[in-house]
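Q: everything below, folded, please.
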Amino acid sequence: MTIHGDHPFLPAEADRSPVRRFRGRLASPVGLWTSEYAGKRAGLTVSSMVVGDGDPGVVVGLIDPDSDLWETLRKAKTAVVGLLGGPHQQLADAFGYVAPAPGGPFRMLDWTETEWGPAPIGVSTWAGCRLVTEDPPEAGWSLQVQLTIEHVELLPDEVPPLVHRRGRYTVL
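A: Numbers count the residues shown, from 1 in each chain. Model (predicted):
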């Protein structure tokens with residue numbers, strides 16, 4: 001067996017999508033979307049998202065239609081959107097299904113039960129949200145999921161935000 005410094009699943013340069021490469025050059029916040037329905041929890045790391053102020057405010061994210069999160073969120077109609085910080089890189093990888101999480105990623109952290117789903121303890125900012133439609137439009141290979149923001153928790157901003165750019169994490 002040989003250990004390589006390269007990513008084992010990275011396509012050759014000529015085979016990479018130019019749109020994906022364009023998107024990868026955008027610095028994106030790293031969010032953790034979680035939901036729960038009938039005792040089943042699901043979560044997903046989401047970097048393709050935007051927040052719009054208004055009454056109500058909204059979060060729009062691009063979600064894999066085959067993900068456990070979408071299946072659960074569609075039934076629950078509620079979600080927690082947490083913003084991850086520097087200490088949460090392993091958590092982001094586990095919920096992004098690119099790193100192992102023995103017993104599942106929900107065992108990596110403590111959680112608070114809310115009316116919108118499980119909220120991660122130790123994350124400085126999260127929002128309790130409600131699904132706008134069970135049939136969101138497609139956006140490329142994803143679903144353009146829109147949530148209305150019903151509640152926001154803003155703790156002291158002592159944790160620097162985790163950002164994703166060009167396939168890597170960095171901290172601001």
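Q: with adjacent residues omitted, what lies nearest to residue 122?
A: residue 109 (6.5 Å; Cβ to Cβ, 6 or more residues apart in numbering). Heads up, the C-betas are built off the backbone N, CA and C, glycines and all.
Q: ok, that neighbour touching residue 118?
A: No - using Cβ atoms under 8 Å as the test, residue 109 is too far from residue 118 to be in contact (9.4 Å).
Q: quick one: which of these two has more around it?
A: residue 118 (21 against 17; other Cβ atoms under 10 Å).
Q: quick check: buried residues in the host helix or strand of the more buried one?
A: According to DSSP states H and E, residue 118 maps onto strand 117-120. The neighbour-count check on strand 117-120 (16 or more other Cβ atoms under 10 Å) flags 117, 118, 119, 120 as buried.
Q: now for those residues, which pair is the farthest apart?
A: 117 and 120 (10.5 Å; Cβ to Cβ).
Q: what does the longest strand out of those in the chain contact?
A: The longest strand of the chain (DSSP state E) is strand 142-154. Contacts to strand 142-154, defined as Cβ atoms under 8 Å, 6 or more residues apart in numbering, come from residues 48, 51, 56-65, 70, 73, 79, 81, 114, 116, 119, 124-133, 136-138.
Q: among those, which lie within helices?
A: Cross-referencing those against helices under DSSP state H gives 70, 73.
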